[in-house]
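# give me a model of this one.
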Amino acid sequence: MDQTFSIGQVARTTGVAATTIRYYEEIGVLPTPSRAASGFRRYDQPSVERLRFVRRARALGLPLQELKTLVSSVTGGLRPAFRPRLLGLVREQLAAVQRQIAELELLRHQLEEVSHRMLTSAPGRHAGTCRCLESGKGTERDI
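Prediction:
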């Protein structure tokens, strides 16, 4: 008989919390495991490997709903479609990360400008409210 593992063993082995494993089963990312006579979940080695795959995919930011579809295609035996679909997900995530990096670079630049202006301008130059955070491009209007 093939070796099976308890949910605690799987959690320790994969680094995925037992509550997360149960959640993945509930939403269909992982198939429902077999049960021992006592009613406890029992996982086989392919289930453990599938969970490791899902954990790594989640660490890369791949969406859970897409992983559900992808993992179910492996269960259904449609392996030829797996790699192209996974590649598509990875490319989408890469594009999203590149957009986020560009947005963060813009934010960094804006913060550097404000910091520079605050360090180089004389305090109290403007009466009323502080305008320290306003854009240096002159796009904001006085009220």
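# what residue is smack in the middle of the protein?
Gly61 (2.7 Å; C-alpha atoms, centre = their mean).
# tell me which residues of the helix or strand bottoming out on mean pLDDT in the chain are tucked away?
Ranked by mean pLDDT, DSSP states H and E, the weakest helix or strand in the chain is helix 64-75, scoring a mean of 81. Neighbour counts using 16 or more other C-beta atoms under 10 Å place 66-68, 70-71, 73 of helix 64-75 among the buried residues. Just so you know, the C-beta spots here come from the backbone N, C-alpha and C atoms, and that holds for glycine as well.
# give the contact list for the residue nearest to the residue nearest to the centre of the chain when sequence neighbours are not counted.
Once flanking residues are discounted, Gly61 sits nearest to Gln93: 5.2 Å by C-beta to C-beta, 6 or more residues apart in numbering. By C-beta atoms under 8 Å, 6 or more residues apart in numbering, the contact set of Gln93 is 60-62.
# what about Val29, distance to Leu104?
Per C-beta to C-beta, to the nearest Å, Val29 is found 30 Å from Leu104.
# those two: who's more crowded?
For Val29 versus Leu104, the count of surrounding residues by other C-beta atoms under 10 Å is larger for Val29: 23 against 10.
# give me phi/psi at that one?
phi -70, psi -40 (degrees, to the nearest 10).
# grab the nearest non-local neighbour of it.
Sequence neighbours aside, Lys68 is the residue nearest to Val29 in space, at 4.7 Å (criterion: C-beta to C-beta, 6+ apart).
# hmm, back to that, dihedrals phi and psi, the residue nearest to Gly61?
Dihedral angles for Gln93 - degrees, to the nearest 10 - are phi -70, psi -40.
# please apply the same query to Leu62.
phi -70, psi 140.
# where do the strands sit along this structure?
34-35, 41-42 (DSSP state E).
# and for the closest residue to Arg42 other than its chain neighbours, the neighbour number?
Among residues not flanking Arg42 along the chain, Thr4 sits closest, at 4.0 Å (C-beta to C-beta, 6+ apart). Thr4 has 18 neighbours, counted by other C-beta under 10 Å.
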